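Trainee: Quick one: sequence plus predicted model below, questions after.
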Protein chains: 2
Amino acid sequence: MASKSTDKRATIRDVATAAGVSIGTVSRVLNGKSVSNRVLGSVNSAIKDLSYTPNAAAQSMRTKSTRAIGLVVNDISNPLFSGIAKGLDEVLSRNHYSLLIANTDNDPQKEQVIIKSLTQRRVDGLVIAVSNELDDNIKSILQKVEFPVVLLDRELDIQADSVCDDHASGMKKALQYLFDLGHEDIALITGNDSVRPCRERALGYRDAYRKLGKPLNKNWIRQGQMNSLYGYEEAVRLLEGGKRPTAIIAGGNLILSGVLRAIRQFDLSIPEDLSLISCDEVDLAALMNPPITVIIRDIQLIGQLAADQILRRIDDGADSSPSRQSIPTELVVRESCTRLR
Amino acid sequence: MASKSTDKRATIRDVATAAGVSIGTVSRVLNGKSVSNRVLGSVNSAIKDLSYTPNAAAQSMRTKSTRAIGLVVNDISNPLFSGIAKGLDEVLSRNHYSLLIANTDNDPQKEQVIIKSLTQRRVDGLVIAVSNELDDNIKSILQKVEFPVVLLDRELDIQADSVCDDHASGMKKALQYLFDLGHEDIALITGNDSVRPCRERALGYRDAYRKLGKPLNKNWIRQGQMNSLYGYEEAVRLLEGGKRPTAIIAGGNLILSGVLRAIRQFDLSIPEDLSLISCDEVDLAALMNPPITVIIRDIQLIGQLAADQILRRIDDGADSSPSRQSIPTELVVRESCTRLR
DNA sequence: CTGTTAGCGCCTTCAC
DNA sequence: GTGAAGGCGCTAACAG
């Protein structure tokens, strides 16, 4: 059975003996250095015969490189993060790097433990969406860490690269669109300011009101937890309140499912009774009846760019100043909003 | 900046020197063996002072254990697999194991390369949903591999443990339910037989017809690709055909989104014009209007059980015969099916 | 082009 | 309870 076998695996030494050469020579063919054709052939066939695979631990011991990158997120089962993971894996695997994934469950404690574990594994780089930008602990841990770090849509005031999305501008487009449809009482439900995407969304929201000279009703801004339950609860509060908003913006894919639950509970029909816009493309938004207007961004691209960045940093070293890439967001108009009579 | 620094990191030797003891003693406190209290204190403070972290590569070199488990799936961005990953990570991290994730993109070639890479990394175990059970290459690779393997909902005729779902029985419940509502022309759209879940669903479908003595129309069974496009295309064919089915079962979460697209295109309303059942709980199914009746299984549980199993196998060795766990599926009745007049 | 050698950082006997 | 020494498998000088 595939498992711990007592017969130990072939080492570079076994290969050398079998091929009748020295281990240095085997190492050379392993690493693609020039060797005579005769030697190349015999070494390769010895490798095949013994089904030899170099031991990565021994290699990294010498080379100081593990060719592994860590990805730290709240919850890999969130389509947002699994999409990013996909994008990362795509470019990393192409470059012969492996991806280590760990969930923090939004627990700062766990987050620290994970980073420590990744440090112990001597990953060559770390891609992380810290769970709370205000947490000084991780901040100081991250700035002391010995490998390159790429922040996923987070701002931390440390010397690290980042890949961010321009949530604010997408939000402004959404509000402009709603204003044009005659809406003024537009509610926003999203997470709190401890995390960039939510902060930016709220910022874009306020900006849009200010720029267009519309009266901003702070009561329409609800910032709390980035999850479905919070989306549900706040939507309920908004809908049962005396004066209802005419439109709701769900600031997050998890928020959306909570909002939809509330809407169903109140038996509202969209967009007749309420206009709705969400953030991030998910099946749910595209296939709902009616399909929901969303502020999108290219999720997999985020992962790809983060991977590119970390590889670049690994190659070039820490000298150049931090790179801050920004990915645009777009408004995809579908059928969940209507003109206000 | 957080990156390659030239000043090398502290080693066990540095700690030993700083604490005024030998490296053997430091190793002992690292591994929780008994040491005198005085020594314990000085070693620990030296560790803290130097912010020393043991080098995992060196450790695994000696111990022959990497405390890393590989997860190989088609596509981590599929909520099915990211849910499993979450479940795995939960129990693995609790046991101080790390999770390496890699996507095959349904490419047998890539799948081989990934397994080879994980072999090279000397993972302590592998959890895999092979992309094609009929592929003899992976089969033989997997049975030669030196570490425990857990198959995710796959049957391979090798000495490996597996965690499977009882798709057939869920499918039977669904059909029984539809039969009771008066349906007989029930179409099933799912992937082909090269993968257990689809095979089992088709099996359950045929069984149900046979057991209830209903006439089975083979034309209602559509097995092809496990993706949204195939779901869409087959649904279109079914709906534009001369005789339409009165109900469709989407045999997979990706299939569902394709089917919904087709349904919208034909402007059908559910359940009046067509009854619909899907497999696996996703937001989309629960929040659609009307909410969709689904055959569910506990996705995260699959990951947890797979993790438990691989850890058990790592501890106990390969002696005991392969374990085959089966997870039940249930029918959750919602509002997407109606009684046939 | 090839062989030899010295560690990489750690765990683990083995003496003391 | 503690120190000294050997070696895990590999790469990278260095000679030849």
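Mentor: Looks like it came in fine.

Trainee: make it CA atoms for all contacts and neighbour counts henceforth
Mentor: Will do.

Trainee: Quick one: name the residues of chain A near DNA strand D.
Mentor: A:8-9, A:11-13, A:23-24, A:27, A:30-31, A:53-56, A:58-59, A:61-63 (CA under 7 Å from any atom of the strand).

Trainee: again, 6 Å this time
Mentor: A:11-13, A:23-24, A:27, A:53-55, A:58-59, A:61-63 (CA under 6 Å from any atom of the strand).

Trainee: quick one: A:Val73 and A:Leu80 touch, right?
Mentor: No. Taking contacts as CA atoms under 8 Å, A:Val73 lies outside contact range of A:Leu80: 10.1 Å.

Trainee: Among those two, which residue is more densely surrounded?
Mentor: Taking other CA atoms under 10 Å in any protein chain shown, A:Val73 and A:Leu80 do not tie; A:Val73 has more neighbours (25 against 19).

Trainee: tell me the contacts of A:Ala46?
Mentor: Applying CA atoms under 8 Å, 6 or more residues apart in numbering or on different chains, we find A:Ala46 in contact with A:15, A:18-19.

Trainee: And the residue of chain A closest to DNA strand C?
Mentor: A:Val35 (3.3 Å; CA to the nearest atom of the strand).

Trainee: Distance of the closest residue to that residue other than its chain neighbours relative to B:Glu233?
Mentor: Nearest residue to A:Val35, sequence neighbours excluded (CA to CA, 6 or more residues apart in numbering or on different chains): A:Val29, at 6.8 Å. Distance of A:Val29 to B:Glu233, given as CA to CA, to the nearest Å: 50 Å.

Trainee: again with A:Val282
Mentor: Between A:Val282 and B:Glu233 the distance is 20 Å, computed by CA to CA.

Trainee: Repeat that for A:Leu99.
Mentor: From A:Leu99 to B:Glu233 the distance is 35 Å (CA to CA).

Trainee: ok, these two, which is more surrounded?
Mentor: Shown here are A:Leu99 and B:Glu233; by other CA under 10 Å, A:Leu99 has more neighbours (25 against 16).

Trainee: and that one, that one's in a strand?
Mentor: Yes. Under DSSP: H, G, I helix; E, B strand; the rest coil, A:Leu99 sits within a strand.

Trainee: How about it: what's its closest non-neighbour residue?
Mentor: A:Leu99's closest residue in space is A:Ile69 (CA to CA, 6+ apart), at 5.1 Å.

Trainee: cool, A:Pro245 as well?
Mentor: Using CA to CA, 6+ apart, the nearest residue to A:Pro245 is A:Asp185, at 4.7 Å.

Trainee: was I right about the one you found contacting A:Lys243?
Mentor: No. Here A:Asp185 does not reach A:Lys243: they are 9.2 Å apart, not a contact under CA under 8 Å.

Trainee: picking that back up, just to check, the residue nearest to A:Leu99 is in contact with A:Ile128?
Mentor: No. With contact defined as CA under 8 Å, A:Ile69 does not count as touching A:Ile128 (10.4 Å).

Trainee: more crowded one of those two?
Mentor: A:Ile69 (29 against 23).

Trainee: circling back to that earlier point, spell out the secondary structure type for the residue nearest to A:Val35.
Mentor: Assignment for A:Val29 (three-state DSSP): helix.
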